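Asker: any chance you can model this:
(one chain, ligands or ions: 2)
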Amino acid sequence: MNTYNRCPMPSAHKRLMDCHAMWHAMANSYMEPETFRMHLNSLIQGLRNVTFLLQKQKSELPDFTNWYSEFQDQAKSDPTMRWVVASRNRVVKESDLELLSEVKVRWVADWANKQERTFTFPPRMPSKAILASLLSTPSEKRKGVVTVSRRWVDRALPEQELLNATRKAFIRLCGLLSRAHDACGIGSCGLADRDPECVNGILTADPLSCMDINPGSLQDHFDLSAMRGIGEIYTKVPYDEAKTAKARKRYGVSDFPPGDPIELAPLVMDHARKVLSRDKHHINVVWLFRGNEVIENFAQTYADQNAKYLAFHRLADRVETLRADGILLIAEMWYVTDHKQDDKGNIIPARDRGRDRREALHVLSATREGEAVSLIAPFSRKLLGTIQLEETFTEGDVEHKSIGILSPILDRWREME
Ligand SMILES: [Zn+2]
Ligand SMILES: [Zn+2]
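Answerer: Numbering: from 1, shown residues only. Ligands and ions are numbered 1, 2, ... in the order given. As a prediction, this is how the structure comes out:
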């Protein structure tokens, strides 16, 4: 059987899959200016061809005028889609885009204090040299972490980095073709998978997790207090049903029902209590949500406080890449019941309080809509390592702004508007 027979718009659909592959080729050549420009030019033409090819078939496609004009109206009010159309005309008829090589420098002192600035630097200048030139200016700011991210922008769309801009256009076109397939009564049309293997015929209006717009390979991090670089290691752990079954048995737990991070927080806390009692410790776990769906989960570790600030900014990068709208964190924390100030009047963080600090299990959830919940279960370690857990309580009046650890993610949600 020829699987292509089932796709009602194979030319447009295959061209969209080409765009996915071209996007990866472009991302992989980010640090090679000429190759990057070449792939960008092809990608922009590819994106535009999807709609040209669809229009050619308009007499054969059910309800075309309806869904296509809806797409056109949206595209007209979207600066990214207008840029794709203008850029395609420019690339085909006039000249290249005017690419600017920039670095974005982010300085994070603590949860509350950070600054971001964008500079123009030659594309081939190594990040180390950029850092050296930034640090050569005398400054009081010798604490915290600085991150240098490489970025390309087009002069005609200066506020948008190009992996991000072209991905946005790709997502819109996926939405259009998904709608077109629906109109033909076809969910999955069965176009064959390609290379790289993430390039398949599945159509979704959500971002694909493989299209990382904030890849670690384009960022360098520097610890200003220790005056050394911070590296990032990412390890992918494939899902293993046998291990999951073993874990269910070990902790005496079952799977979670569907729910958003706020609804699930008490259930997750019950799980976490069982894990802590059994293992005597609990790793830091992050769940990212889109609505009621968990789209990614992972464990985070960091060597020290500066690495922790950085880890949460990298988490915000991932939230942006996946367009996650909810987050749930599980962690062990230091916990105090009162506030003490240092000689300068600053509140001393619980982690620095010495002997009067306590340990607690913490489940913290937040959504992009502004909801948040913070559950705390204090515990003590008894003889022979037994864990004595107290009742879980809800931290009162939790507002987004009061949760420092979430600030990188909340700021990113605002920037994503
Ligand atoms: Zn198709
Ligand atoms: Zn991919």
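Asker: all helices of the stretch 251-400 of the chain, in order?
Answerer: 261-279, 305-322 (DSSP state H, counting those that start in this stretch).
Asker: same thing with the stretch 1-150 of the chain?
Answerer: Under DSSP H, counting those that start in this stretch, the stretch 1-150 of the chain gives helices at 10-28, 33-56, 64-76, 79-89, 127-135.
Asker: quick one on the thing from earlier: generate CSV for the helices of the stretch 251-400 of the chain, with distance to ligand 1 as supplementary columns.
Answerer: Just so you know, the C-beta spots here come from the backbone N, C-alpha and C atoms, and that holds for glycine as well. Compiled in CSV, the helices of the stretch 251-400 of the chain are given as follows (distance: least, Cβ to the ion, whole Å):
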stretch, distance to ligand 1
helix 261-279, 34
helix 305-322, 24
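Asker: low pLDDT regions in this protein?
Answerer: For the chain, the stretches with pLDDT under 70 are 1-5, 138-141, 397-402.
Asker: now the strands for it?
Answerer: 99-108, 114-120, 145-154, 219-223, 228-230, 285-290, 293-299, 326-335, 358-367, 372-381, 387-389, 393-394 (DSSP state E).
Asker: and the helices of the stretch 251-400 of the chain, which is most packed in?
Answerer: Ranked by mean neighbour count, the helices of the stretch 251-400 of the chain are led by helix 305-322 with a mean of 21 (mean count of other Cβ atoms under 10 Å).
Asker: who in the stretch 201-350 of the chain is up against ligand 2?
Answerer: residue 210 (Cβ under 5 Å from the ion).
Asker: try it again with 6 Å
Answerer: With Cβ under 6 Å from the ion as the criterion, the stretch 201-350 of the chain meets ligand 2 at residues 208, 210, 211.
Asker: relative to ligand 1, which of those residues is nearest.
Answerer: residue 208 (16.1 Å; Cβ to the ion).
Asker: show me what contacts that closest one?
Answerer: By Cβ atoms under 8 Å, 6 or more residues apart in numbering, the contact set of residue 208 is 20, 198.
Asker: and the residue of the stretch 301-417 of the chain nearest ligand 2?
Answerer: residue 321 (12.0 Å).
Asker: among the helices of the stretch 1-150 of the chain, which is nearest residue 280?
Answerer: Evaluated over these, closeness to residue 280 peaks at helix 127-135, with 40.9 Å, by Cβ to Cβ.
Asker: would you mark the buried spots in that closest one?
Answerer: By 16 or more other Cβ atoms under 10 Å, the buried positions in helix 127-135 come out as 127, 130, 131, 134.
Asker: looking at those, which is nearest ligand 1?
Answerer: For the buried residues of helix 127-135, with ligand 1 as the reference and Cβ to the ion as the criterion, the closest is residue 127, at 41.4 Å.
Asker: how is the protein divided into domains?
Answerer: 3-97+164-199, 235-415 (automatic domain parsing).
Asker: tell me the most buried of the ones you listed?
Answerer: Most buried among the domains of the chain, counting by mean count of other Cβ under 10 Å: domain 3-97+164-199, with a mean of 17.
Asker: does ligand 1 sit close to it?
Answerer: Yes - against ligand 1, domain 3-97+164-199 shows contacts by Cβ under 6 Å from the ion at 7, 13, 181, 189, 191.
Asker: CSV for the residues of the stretch 201-350 of the chain next to ligand 2, including distance to residue 295?
Answerer: Compiled in CSV, these are given as follows (distance: Cβ to Cβ, whole Å):
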residue, distance to residue 295
208, 11
210, 13
211, 13
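Asker: ok, so of the residues you listed, who is nearest ligand 2?
Answerer: residue 210 (3.3 Å).
Asker: tell me the contacts of the closest one?
Answerer: 24, 196, 198.
Asker: 7 Å - rerun?
Answerer: By Cβ atoms under 7 Å, 6 or more residues apart in numbering, the residues touching residue 210 are residue 198.
Asker: does residue 115 have beta-bridge partners, and which?
Answerer: When assigned by DSSP bridges, residue 115 has beta-bridge partners residue 107.
Asker: what is the burial count for it?
Answerer: 12 (other Cβ atoms under 10 Å).
Asker: please verify my assumption that it contacts residue 108.
Answerer: No - counting by Cβ atoms under 7 Å, residue 115 does not reach residue 108; the two are 8.4 Å apart.
Asker: what's the closest of the strands of the chain to residue 202?
Answerer: So among those, strand 293-299 is nearest, using Cβ to Cβ, at 14.7 Å.
Asker: residue 362 is in contact with residue 376, isn't it?
Answerer: Yes - shown here, residue 362 and residue 376 form a contact pair, counting by Cβ under 7 Å, at 5.7 Å.
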